[in-house]
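[1] What would the 3D arrangement of this be:
(chains A, B, C and D, ligands or ions: 6)
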Amino acid sequence: MSREINFMVAGEAGQGVQSVGFLLAKAFSRGGFHVFGNQDYESRVRGGHNFFRVRVKEGRVRAINETVDVLLALNKESIDLHRRELADGGVVIFDNDKIATPAGNGNQLGVPLEKLAEKEAGGKLMTNTVALGAGLGLTGYDFEIVAELLREHFPAAEVGKNNVRAARAGYDYARNNFEGKFDHQLHPVSDIRRMLLTGNEALTLGAIAAGCKFMAAYPMTPASSIMEYFAAKAEDLGLVMVPAEDEISAMNMIVGASYAGVRALTATSGSGFCLMVEGLGMAGITETPIVVVDAQRPGPAVGLPTRTEQGDLEFVLHAHHGEFPRAVLAPATIEDAFWSTVKAFNLADRYQLPVIILTDQHLASSYGTVDKFDMAQVTVDRGDLFTAGNDNEAGEYKRHRITRSGISPRAFPGQSRALVITDTDEHNEEGHLIEDGPTRTAQVQKRLRKLFSLKQEISPPVLYGPKHAETTLIGWGSTRGAISEAVDILRREGREINSLHFNDLWPFPGEEVADAMDRAHHSYVVENNATGQLARLIARETGKKASGHILKYDGRPFTPAQIAAKIREGRCDDGIHS
Amino acid sequence: MSREINFMVAGEAGQGVQSVGFLLAKAFSRGGFHVFGNQDYESRVRGGHNFFRVRVKEGRVRAINETVDVLLALNKESIDLHRRELADGGVVIFDNDKIATPAGNGNQLGVPLEKLAEKEAGGKLMTNTVALGAGLGLTGYDFEIVAELLREHFPAAEVGKNNVRAARAGYDYARNNFEGKFDHQLHPVSDIRRMLLTGNEALTLGAIAAGCKFMAAYPMTPASSIMEYFAAKAEDLGLVMVPAEDEISAMNMIVGASYAGVRALTATSGSGFCLMVEGLGMAGITETPIVVVDAQRPGPAVGLPTRTEQGDLEFVLHAHHGEFPRAVLAPATIEDAFWSTVKAFNLADRYQLPVIILTDQHLASSYGTVDKFDMAQVTVDRGDLFTAGNDNEAGEYKRHRITRSGISPRAFPGQSRALVITDTDEHNEEGHLIEDGPTRTAQVQKRLRKLFSLKQEISPPVLYGPKHAETTLIGWGSTRGAISEAVDILRREGREINSLHFNDLWPFPGEEVADAMDRAHHSYVVENNATGQLARLIARETGKKASGHILKYDGRPFTPAQIAAKIREGRCDDGIHS
Amino acid sequence: MVSIADYAGLKPAWCPGCGDFGILKAVNQALVGLELEPHQVLMVSGIGQAGKLPHYSRSNLFNSLHGRPVPPAIGAKIANEELVVIVVSGDGDGYGEGGNHFIHAARRNHNLTYLIHNNQVYGLTKGQASPTSDTGYVTRTTPQGAPTSFNPMAVAIAADTSFVARGFAGDVAHLADLIKAGITHQGFALIDILQPCPTFNRKNTYNWYRERIYKLGADYDPADKLAAFAKAQEWGDRIPIGVIYRAERPTFEEQLPALKNGPLVKQRLEPVQVAKLLSEFI
Amino acid sequence: MVSIADYAGLKPAWCPGCGDFGILKAVNQALVGLELEPHQVLMVSGIGQAGKLPHYSRSNLFNSLHGRPVPPAIGAKIANEELVVIVVSGDGDGYGEGGNHFIHAARRNHNLTYLIHNNQVYGLTKGQASPTSDTGYVTRTTPQGAPTSFNPMAVAIAADTSFVARGFAGDVAHLADLIKAGITHQGFALIDILQPCPTFNRKNTYNWYRERIYKLGADYDPADKLAAFAKAQEWGDRIPIGVIYRAERPTFEEQLPALKNGPLVKQRLEPVQVAKLLSEFI
Ligand SMILES: Cc1ncc(C[n+]2csc(CCOP(=O)(O)OP(=O)(O)O)c2C)c(N)n1
Ligand SMILES: Cc1ncc(C[n+]2csc(CCOP(=O)(O)OP(=O)(O)O)c2C)c(N)n1
Ligand code: SF4
Ligand code: SF4
Ligand SMILES: [Mg+2]
Ligand SMILES: [Mg+2]
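    Ligands and ions are numbered 1, 2, ... in the order given. Predicted structure coming up:
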């Protein structure tokens, strides 16, 4: 296969859209393909309309594409809503016993999905697996891969068997009836076995790999799967996940755990982050390392719970009253979700401050294939630890000792005779509360001094495309796949364009972007928000004003084509304000 | 009196420093003087060291001065700590039965304070009032003013009498023994009766004058006196103050009250504001007008509870995830505290959004004389109200109707048959939750559109001094008195200097400051914080970078002399970061 | 005359078979039964499946934050005490995230009716344990089993809630009566509603509840606090439904001097009153 | 051997006569009595006059936020269960701002000792009403009198706190015994301490308490939950002090598989375990 194939599974909540989509993605991943999968769903448990896109390619793929080659429509609405997205030569697979063949061109491939499920696999519940089978049959893909997958996925023997039967029924039906109806046949392309996982899974793996053993959290879409995965592995790996009564508690618990010496994590979305703001500053003034994930969704308030946005950047940069150093990392890809998390824990410990990982629903929930993370590259650096104290008198240890770097060696309570004293009031070197101005000033300076060395650890934004170009697109976080693909599209069309993408956002790595903006004639900041938050940050930190914005705030991720179209059409002034 | 007199009352918590300071200030205010009074105290109820400065002048006075003309020392520590601050010809009044006359020049005036209290006024408890009397006697001030004041202040007949006797004893002692010891005699200067009140009192009066009838809050220094004053007046004026279980509740209560039609207020300091952040965005997306006071103190976390800072600017500008319009006002003077609050309620209602009043401990707790607020200037504008609905069918009313201005007429539940429906999920015009992108986009735009007209209502920064000057000082909030006085001092020394001061901060009125920065050779941003938050905001919004910063973050307010010294010495690069 | 049709709202997005449907019916029946018109009613809800109920009924609606429906309801009630204010919440919303508001609103005795759809699980976020999940119940956030279950009836009584009741989503008529009683009650009325969630709670099903619940009879005296506390301990084999505790005590609102002259929203402050205040500072 | 001198901390900034002095003594005595060394102890406190206690004693100290001492204590205890973790809080801190953590930490039965300095007022912020201010008590935030007082003993029992006790700052020996019992107890041990605040609480003075308190005797059985609830209702004329309720049930910590092999802080994760995880995604 030279080109890519885009599948879409669509139906209502409860019909198994998610599981068919995932299995489809995994089946192709097992065959050595690169895959990107993304679910679009509503904030309800049954009904409504959901769809899952699976993009399959031999080369790397990191964004969705809005055209559809194969639509597995589990209900009629799915056809009505998505037929316009069908590519030339695209096909719709649907249950022709339940849905009259829709008008239109000849790509409507009816399969008696439910009937086959009942006849071959013991029940209606298997309908979606029949559709899965049909989709794969259409492409002539290796059935054994799917069969193996289904047996793993449904470990109960009977259930596994029924699913394999259901898939087989769909597969055979397609092979027997649709020969020549679909141009592209897919066969496994390599033996390389990549991981297929979501941003949240990668992030949680990163935390575990970094030695994080404590998590406390409260469920909130799209962050919940982090706590769920952490909890699932707790028993095996000796981790603890406390399901807290609220986010305030979760945040405060992790500060306590970290103070006592254990790497600790919490994860939430905007509303929950709001409730964590006070605790964030507690970590700030007590200089306790913590890692907090804000998986953004459209706000304010409850907003659109299952959708995506990049609206929290300025919030997380400035959350909490008063001033203290923090780091903000915004992983752009599923790989980054792993590595940024490892980095987050190391920065937190080395600089003794809170590190915020800013992701979003799009990164959190999208599936992608990535090479297996190389554990040999994972380092765990706990930073400056006080060790001499073990047999010293406790009185000598000063938790907030003033140093040139601003970093005071940490001791953990109970691990030596050193007493570890800290306070959210302004305090002296010992950690006791104070009232005088000079001590206050010295501690403020000590804490803020950490920013100088912290800044050295921040990765500059990543350049994609040629160094010199007429137009530079600037982005951050999960839009990287879409932006870089838009660059590819536009370069193929002959435009001189490149992109600069931020993974690490604070302390702000401003030099590269200032240079890039100087080099380019036009610089457009691409953001999944309405007011251009990164553009403002760049202006503040570098004095450079972007030539325009490409903004999207309908809760949906960008596609490469949307960005490319904006550039082509010269519509790069979307800002509502700024 | 041509020049000014600076009193200081000093002692430990529990000795009545606050009440002597206040009575001193009030006595001079009653005599037609301008007065500025400010207390410096610790976060404890007894012991420690407190002092109260009272600056008395015939002309306007809006800042403290660090030199002391008359020190009323209620204990020995007060002399040790403050003798260096004595002006030439300054005097110390102290209890010479209890404290050996301190070494030094001849300005040590011993008074048997406690003995007089016991002999003349029935007990030790009156010691501080004896000191008050002595201080006034020293200046030869009209005793009847004080006597009247004491009788009002202590309405219980016996207590009042004893206080008058105590004051008399001190007064007479000073008159009889200290003739010629103090250069400056003070006599009432006019019949003008000004108000003497704190920023918090002015702010609360502003709220009441604006028709705010509901307040919910949780105590937190330096905001508590707002809720206390509001509660004290609740019965008389028909107000309700709910002492909530926490700040989350307080914030959410006021949103509910406002939704139901009553102007509503809450007030807190940084930590409490952290807990209100989620509710702030609830007001944002439901377009419910609310007024929230953040009386800043040094952070992060608990910080220095009784001291001052301007560290929350960036926080309140960006608090809450996602994007919605808000207004931020930062009253600079006690007068402003009243008028900005009136304005805050009108803006909140007209634009249906949260308005944050950003004050700080210095403004909140300082006493000043102001002309009686002219109630005729107070307007109450409830904004666009839906009235037609009274006899219409309920179905017709749409709370979030999309309009050109972004403002949808408000109806109040139960006041007509119109049903008032709103939701913190993204919603349609009716207020019901939605999932689709176009409705989302339209509602985001509708809300943000309000910023355009809101911006017209924002006051530009206030210029002080000549329009053209070599140096411009830029400030915001409570530093105005100190900055403008520093300008006076430096201009008297022949420097070309002016200042530009922000009262309203968001939507940001950037034009004037950009122009002023262009006009001046040097522009220094003066802030009570460590990182230069206003300077960053100016850079972001106007692209202009200040030439330097004058920053102070030891929890103490600026004095005019400190600012002037920085300019003289060319030390305007205090920033830790930025 | 009001009818059920007046309360017809949007089409529910709940799962088929969800206990919330029964609750919706009972709420509407209660409101019609009390001859309340939609504009006289304000529902304040939190976030969760429960919190969506008011969209599917028809009245004034303030759909607040997760865990926070009680405080805005308090604000609205004080602003306009003529409104019948009903708080609609879930077990996670009300007892987890919102636990602090619950115990303090109860203590202050705000005049609200507080419905908790207690499905013993976080429904909207897909099945994590809630505070009321049965002890040991396994979910994705409690793979080793949920910790000791929160006892809302017992805590409500201890916190001096003046009306404490339990209903069942499967018994609409009984529940509607409870809701009516709750609305009529002067003070903070908690009605915890056993609500099957066929999608995520496979343990506490309609049958599970039906086999265990029994109605408190005329012989039961809800005025006796100690007896009520004892009754509140029943769970497992036998689960009482009905009014478990009721006390007459002044509401927060009736103790407010400001409300003596009618709803706050209708009162005007006279400029002379403010002028008097200013004078106090001279 | 540990002695009281080992627990000598900074000079207290409390008012003369404050009940907190007695509590400080009792805490130190209890720690010495249990032969604990300062480095084995962690005090986590909130913000308030109470919250300052650990500065005046001597041990590890995490002085957290107002209302939040319980969650960081939970985190620290789970991180290192060898630490004796004592939470020091005030009535505003613990029952007001921190009410939600209280009821849920109790339910989950974290292995902590929770001291509440209950002076029935907000001390540090100068005398506003707290949740436990007596009903009708007038303060600057409650000029018409405080609403119904919060009953910590009753709520604690209802929330399944496994050790519920009340002490008195004026009876140091008895209080020290209670604290020892609380520390020894496996599970969440609440000790509410009647603490006179001579500066701001002019009603509930040493004498007021002394006239009313009595010690629970050997005839009282703290294992009986209903009796304990009845006992918890006593306030006014007679106020019981001592252990009001005690139950044996598994702590949260002992149910954690991760802690089976010793304190979390001492455990290492093997790279092979992570490698195995990665393989699951292939
Ligand atoms: C502050 C905050 N935390 C978490 C969430 C996510 N959230 C929405 S609903 C819900 C749980 C709902 O459970 P419950 O209250 O029991 O209602 P149900 O859906 O079961 O009716 C959660 C955790 C949120 N919206 N806001
Ligand atoms: C979030 C937050 N809200 C409010 C405060 C202000 N505050 C500090 S201590 C306190 C009350 C203390 O009362 P209590 O807990 O009873 O302790 P006490 O001083 O009486 O011992 C308050 C309201 C704060 N520091 N943080
Ligand atoms: S998930 Fe449960 S509570 Fe939610 S609608 Fe479905 S059945 Fe009802
Ligand atoms: S104010 Fe009350 S609680 Fe605080 S130290 Fe003084 S007496 Fe003790
Ligand atoms: Mg629930
Ligand atoms: Mg207290």
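[2] So which bits of chain A are right by chain C?
    Contact residues (CB under 8 Å from any CB of the partner chain) of chain A with chain C: A:14, A:42-48, A:218-221, A:224, A:227-228, A:231-232, A:234-235, A:241, A:243, A:245-246, A:271, A:301-302, A:305. (C-beta placed from N, C-alpha, C; glycine too.)
[3] Can you report how many residues lie near the residue in chain A that chain C sits nearest to?
    Per CB to the nearest CB, A:Arg46 is where chain A lies closest to chain C, at 3.8 Å. Neighbour count of A:Arg46, defined by other CB atoms under 10 Å in any protein chain shown: 16.
[4] circling back to that earlier point, among the residues of chain A next to chain C, name the buried ones.
    Among the residues of chain A next to chain C, those scoring as buried are A:42-48, A:218-221, A:224, A:227-228, A:231-232, A:234, A:241, A:243, A:245-246, A:271, A:301-302, A:305 (criterion: 16 or more other CB atoms under 10 Å in any protein chain shown).
[5] Give me the subset of these lying in helices.
    Counting by DSSP state H, the part of these found in helices is A:Ser224, A:Met227, A:Glu228, A:Ala231, A:Ala232, A:Ala234, A:Ser271.
[6] Let me see the contact set for the fourth one.
    Contacts were defined as CB atoms under 8 Å, 6 or more residues apart in numbering or on different chains; by that measure A:Ala231 touches A:Met215, A:Met241, A:Pro243, C:Arg140, C:Thr141, C:Thr142, C:Pro143.
[7] again, only this time at 7 Å
    Listed by CB atoms under 7 Å, 6 or more residues apart in numbering or on different chains, the contact set of A:Ala231 reads A:Met241, C:Arg140, C:Thr141, C:Pro143.
[8] Just give me the closest of those to A:Asp504.
    Using CB to CB, A:Met241 comes nearest to A:Asp504 of those, at 27.2 Å.
[9] Relative to C:Ser130, how far out is the closest residue to the closest one other than its chain neighbours?
    In space, and not counting its chain neighbours, A:Met241 is closest to A:Ala231: 4.0 Å by CB to CB, 6 or more residues apart in numbering or on different chains. Using CB to CB, to the nearest Å, we find A:Ala231 at a distance of 15 Å from C:Ser130.
[10] do A:Glu493 as well
    Going from A:Glu493 to C:Ser130 by CB to CB gives 54 Å.
[11] which one of those two has more residues nearby?
    Neighbour count, other CB under 10 Å: between A:Glu493 and C:Ser130, C:Ser130 has more, with 31 against 11.
[12] Specify the local secondary structure of that one.
    coil (DSSP: H, G, I helix; E, B strand; the rest coil).
[13] so it makes contact with C:Gly96?
    Yes - with contact defined as CB atoms under 7 Å, C:Ser130 reaches C:Gly96; the gap is 6.0 Å.
[14] distance of the nearest residue to A:Pro560 once chain neighbours are set aside from A:Arg84?
    Spatially, and ignoring its direct neighbours in sequence, A:Pro560 is nearest to A:Glu485 (3.5 Å; CB to CB, 6+ apart). According to CB to CB, A:Glu485 stands 22 Å off from A:Arg84.
[15] Please say which of these two ends up with more neighbours.
    Just comparing A:Glu485 and A:Arg84: by other CB under 10 Å the higher neighbour count belongs to A:Glu485, 24 against 9.
[16] Name the residue of the stretch 101-250 of chain C that lies nearest to ligand 2.
    Nearest residue of the stretch 101-250 of chain C to ligand 2 (CB to the nearest ligand atom) works out as C:His104 at 14.4 Å.
[17] Neighbours of that residue, how many?
    When neighbours are counted by other CB under 10 Å, C:His104 comes out with 25.
[18] Nearest to ligand 2: which residue in chain A?
    Counting by CB to the nearest ligand atom, chain A gets nearest to ligand 2 through A:Glu278 (6.4 Å).
[19] Confirm for me that that residue is in contact with B:Cys274.
    Yes - the pair A:Glu278 / B:Cys274 is scored as a contact, 3.7 Å apart, by CB under 7 Å.
[20] and the stretch 1-150 of chain C, which of its residues are near ligand 5?
    Proximity of the stretch 1-150 of chain C to ligand 5, by CB under 5 Å from the ion, involves residues C:Gly90, C:Asp91, C:Asn119, C:Gly123.
[21] what's the neighbour count on the second one?
    Same thing as C:Asp91. Using other CB under 10 Å, C:Asp91 has 26 neighbouring residues.
[22] what's the spacing between it and chain D?
    Separation of C:Asp91 from chain D (CB to the nearest CB, to the nearest Å) stands at 13 Å.
[23] how about the helices in the stretch 1-150 of chain A?
    Along the stretch 1-150 of chain A, the segments classed as helices by DSSP state H, counting those that start in this stretch run A:17-30, A:76-82, A:113-121, A:127-139, A:143-153.
[24] and A:Gly137, what is it in contact with?
    A:Gly137 neighbours (CB under 7 Å, 6+ apart): A:Gly170, A:Tyr171, A:Asp172, A:Tyr173, A:Ala174, A:Arg175.
[25] So C:Gly48 sits against C:Val121, correct?
    No - C:Gly48 is not in contact with C:Val121 according to CB under 7 Å; the separation is 10.2 Å.
[26] what about the two, which has more around it?
    Neighbour count, other CB under 10 Å: between C:Gly48 and C:Val121, C:Val121 has more, with 29 against 26.
[27] Quick check: phi and psi on that one?
    With angles defined as degrees, to the nearest 10, C:Val121 sits at phi -170, psi 160.
[28] And for A:Leu265?
    Phi and psi for A:Leu265, reported as degrees, to the nearest 10, are phi -140, psi 150.
[29] Could you check how far it is from A:Met227?
    Applying CB to CB, the value for A:Leu265 to A:Met227 is 9 Å.
[30] shared neighbours, those two?
    Jointly contacting A:Leu265 and A:Met227 under the rule CB under 7 Å, 6+ apart are A:Met215.
[31] tell me the contacts of the residue nearest to A:Gln15 when sequence neighbours are not counted?
    Sequence neighbours aside, A:Leu74 is the residue nearest to A:Gln15 in space, at 4.6 Å (criterion: CB to CB, 6+ apart). Residues in contact with A:Leu74, defined by CB under 7 Å, 6+ apart, are A:Ala10, A:Gly11, A:Gln15, A:Val17, A:Asn128, A:Ala131.
[32] between the residues you listed, which is closest to B:Gly437?
    A:Ala10 (16.4 Å).
[33] Tell me where chain A is predicted with low confidence.
    A:1-2, A:104-106, A:388-395, A:574-578 (pLDDT under 70).
[34] Pop the domain breakdown of it in here.
    Domain assignment for chain A, taken from automatic domain parsing, gives A:4-177, A:196-372, A:384-457, A:462-569.
[35] Quick one: closest of those to D:Leu61.
    Of all the domains of chain A, domain A:384-457 sits nearest to D:Leu61, with 4.5 Å by CB to CB.
[36] Distance from stretch C:200-215 to the middle of the chain?
    Centre-to-centre, stretch C:200-215 and its host chain are 20 Å apart (CA atoms, centre = their mean, to the nearest Å).
[37] which residues sit against it?
    Outside of stretch C:200-215, the residues within contact range by CB under 7 Å, 6+ apart are C:119-121, C:123, C:126-127, C:134, C:137, C:168, C:170, C:174, C:194, C:196, C:198, C:237-242.
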